[in-house]
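Q: Quick check, what structure comes out for this input:
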Amino acid sequence: MTDKNETQKKNMEKSIGGSPKNFMIPFLLLSLRGGFSLHGYKLIQQLTQFGFSSIDQGNVYRVLRQLEKDDLVKSEWDTSSGGPAKRIYSLTNAGEQYLDLWAGSLEQYQTMLDSFFNLYSNMFMPPFSKGKDDPDEK
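A: Reported below is the predicted structural model:
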């Protein structure tokens, strides 16, 4: 790995290392994984399918432009359709690596969240015990 790639990887790890600042990023990268090339509107639809309830479309395009500046995605104009040209986004190799880092980080958060909700459930939702109030016991 070259010094530039090593520095880029360390910067990526730093940006993910703390608490996640923009959950949209891994979902956008995941949508583009596997050789998919999608235009912005389709990516916004994908975010909705992932469960993002309120999406600022302008913010999505700003994030995509930043991801492109960071060489995590690339884009090109698609003029093949009859309508206006659309910018089509695809994942770069660096974007693939960044997505892998996000996946590892999110896996750690998932473990922490599972622990939190297990503890929370046990503290505030006592386990159901069979007894006189149990309809199956009558």
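
Q: Kindly provide the distance from residue 42 to residue 32.
A: The gap separating residue 42 from residue 32 is 10 Å, by C-beta to C-beta, to the nearest Å. Any C-beta I mention is one placed from the backbone N, CA and C, and that applies to glycine too.

Q: So which of those two has more stuff around it?
A: Ranked by neighbour count (other C-beta atoms under 10 Å), residue 42 and residue 32 place residue 32 first, with 25 against 15.

Q: check contacts around that one.
A: The contact partners of residue 32, by C-beta atoms under 8 Å, 6 or more residues apart in numbering, come to 38, 43, 73, 89-91, 95.

Q: What's the PyMOL syntax to select whichever of these are buried?
A: To isolate the buried ones among the contacts of residue 32 in PyMOL, judged by 16 or more other C-beta atoms under 10 Å, type:
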select buried, resi 38+43+73+89+91+95
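
Q: How far away from the center of its chain is the longest helix anywhere in the chain?
A: Taking DSSP state H as the criterion, the chain has its longest helix at helix 93-124. Offset of helix 93-124 from its chain centre (C-alpha atoms, centre = their mean, to the nearest Å): 11 Å.

Q: Stretch 30-48 too?
A: Distance, stretch centre to chain centre, for stretch 30-48: 11 Å (C-alpha atoms, centre = their mean).

Q: hmm, back to that, so which of the contacts of residue 32 are in helices?
A: 43, 95.

Q: need the contacts of residue 32 in CSV with pLDDT, can you?
A: Converted to CSV, the contacts of residue 32 look like this (pLDDT from 0 to 100):
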residue, pLDDT
38, 95
43, 95
73, 97
89, 97
90, 97
91, 97
95, 96
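
Q: possible to save the contacts of residue 32 as CSV with distance to residue 22?
A: Formatted as CSV, the contacts of residue 32 follow (distance: C-beta to C-beta, whole Å):
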residue, distance to residue 22
38, 19
43, 14
73, 14
89, 16
90, 20
91, 17
95, 15
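
Q: No further questions, thank you.
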